[in-house]
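[1] Need a 3D model of the sequence below.
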Amino acid sequence: MSDAWTPALRVRESGGRYRLSLGTWARGEGATLTEAADDLVPRVLNVVMCLRGSGFRIAPDLGAPDRRWLDFLWELGEYAAAGGDVRDRLGVCAWEWERA
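    Have a look, this model is predicted:
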């Protein structure tokens, strides 16, 4: 899994709150980075479950989706189904920082 493409995970702090964004697909918010990660992970897994359960319907006007995203989401689903912690794959597993 280490050679696989991973979308950028962006961190933003504003007004004492943290926001983690995984592209435009999912985001999590919290008073700490850990809380923001705890909010982000189930949102990402929800997208993954929707994709694996029924697929996506994308309006032709939007053009073709980025295949790397679809592959990434599918891989996350396989990783989670095998008992893996998707935090490892998302890069949020080591966050224990608190607001300064």
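[2] and residue 29, what does it touch?
    The neighbourhood of residue 29, defined by Cβ atoms under 8 Å, 6 or more residues apart in numbering, consists of 17-20, 35-36, 39. In short, each C-beta sits where N, CA and C put it, glycine included.
[3] so how far is residue 83 from it?
    According to Cβ to Cβ, to the nearest Å, residue 29 and residue 83 sit 28 Å apart.
[4] try residue 71
    Distance, residue 71 to residue 83, by Cβ to Cβ: 21 Å.
[5] what's the answer for residue 66, then?
    Relative to residue 83, residue 66 is positioned 28 Å away (Cβ to Cβ).
[6] quick one: which of these two has more around it?
    residue 66 (12 against 6; other Cβ atoms under 10 Å).
[7] So, low pLDDT: which residues of the protein?
    Flagging of the chain using pLDDT under 70 yields the residue ranges 1-3, 56, 92-100.
[8] hey, where'd the strands end up in it?
    9-14, 17-22, 26-30 (DSSP state E).
[9] Give me the angle between the first one and strand 17-22.
    Looking back up the chat, that one is strand 9-14. Relative orientation of strand 9-14 with respect to strand 17-22: 160 degrees, computed using axes from the mean of the first three to the mean of the last three Cα atoms, to 10 degrees.
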